[in-house]
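Student: When you get a sec, could you give me coordinates for this:
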Amino acid sequence: MPARTPAERRLQANALPPVPEPDRQAIEAFIDTIWAENGLAQQSLDGYRRDLEGFARWRNGADGGLAGADRSALFDYFAWRTRQGYSSRSNARLLSSLRAFFALLLRRDQRRDDPTALMDPPKLPRSLPKALAESEIDALLAAPDAESPLGLRDRAMLELMYAAGLRVSELVELPSNAVNLRQGVLRVTGKGSKERLVPLGEEAQHWLETYLAGARPALAGKRSLPALFIEASGRPLSRQKFWGLVKRYAAGAGIDPVRISPHGLRHSFATHLLNRGADLRALQLLLGHSSLSTTQIYTLVAREHLKQLHGKHHPRA
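Tutor: Below is the predicted model of the structure:
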């Protein structure tokens, strides 16, 4: 094994060096630019920042730091990450961040070459979204105790997430004025601050109306709160808190919590619609995907379901 650099030894010992000041300034300038140009969500911006700061710490200012890195330095960093056990998916995201960063330096004439130009992204295993059976969805949605304000809130959240195919971040960040009960639609702000209108469905609308009529006023008291779904403290739920709730309700419904995540409800929404004959273009609009190719992964799920049915029931399968 090649000898480790001082920066690698500090990273190995979890004693992270600070990001050198020139690199920190370059990263913040990059973040400001992609936010202004693309309107990325905070979660995406934080991902870019983490990736670039990790490489900057590894470089620790050597040979021009982050902005001065050449292809050899990039290969060395990816080789080090592979030895540390970083996943292919994590490395692919890192390469995407570095490409965006160096592309901006090229546009601004701060570099004359792109060190990522001939680097191939790692091959990713093609994983299918994990969807629950419709009977499991029914059991999960019925798990909260709707007699209590918090249980009624949780039932409304689960019903709404499944009925509208929402991302977790979209659900917990919904403002109260995003709901139009008269028309039965929800205005959702998705990735890149793109808005879409999603129909609620009768069940989701019923539970949402019940929550708004009783549980939310009980939780909010006399406070005027902008978030649709709130804690007893008045704060909106975090993504992590909602994930914990989903796991707890899954266990109560007899579903292995390992098989489920909040995003699994979105996958189930898409898969069940396709299994019942939904149009792929319509599904793209409902999910808020900018590219149809992202939505097409769900056709593989539907195909797998058909294969399983064929294998189970056809006499010559």
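Student: mind listing what Phe130 touches?
Tutor: Actually, residue 130 is Lys rather than Phe. Arg259, Ile260, Ser261, Gly264, His267 (C-beta atoms under 8 Å, 6 or more residues apart in numbering). C-beta here means a position set from N, CA and C on the backbone, and glycine is covered the same way.
Student: contacting residues for the nearest residue to Gly184 once chain neighbours are set aside?
Tutor: Using C-beta to C-beta, 6 or more residues apart in numbering and skipping the chain neighbours, the partner closest in space to Gly184 is Leu200 (4.9 Å). Applying C-beta under 8 Å, 6+ apart, we find Leu200 in contact with Leu160, Ala163, Ala164, Val179, Leu181, Gly184, Val185, Leu186, Leu208.
Student: same thing with Val246?
Tutor: Leu140, Leu158, Ile260, Ser261, Pro262, Gly264, Leu265.
Student: can you give me the helices for the stretch 1-150 of the chain?
Tutor: With helices called from DSSP state H, counting those that start in this stretch, the stretch 1-150 of the chain shows them at 6-12, 21-38, 42-59, 71-83, 88-107, 134-141, 149-164.
Student: Now a PyMOL select for only the buried ones of the contacts of Lys130.
Tutor: With 16 or more other C-beta atoms under 10 Å as the criterion, this PyMOL line picks the buried residues out of these:
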select buried, resi 260+261+264+267
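Student: Please identify which two of the contacts of Lys130 are farthest apart in space.
Tutor: Arg259 and His267 (11.3 Å; C-beta to C-beta).
Student: list the buried ones in stretch 145-161?
Tutor: Ala146, Pro149, Leu152, Arg153, Asp154, Arg155, Ala156, Met157, Leu158, Glu159, Leu160, Met161.
Student: Test for you: state the pLDDT assigned to the closest residue to the second one other than its chain neighbours.
Tutor: Nearest-residue entry for Pro149: Ala215, 4.0 Å, with adjacent residues in sequence omitted and distances by C-beta to C-beta, 6+ apart. Predicted confidence (pLDDT) for Ala215: 93.
Student: Ala215: neighbour count?
Tutor: Using other C-beta atoms under 10 Å, Ala215 has 23 neighbouring residues.
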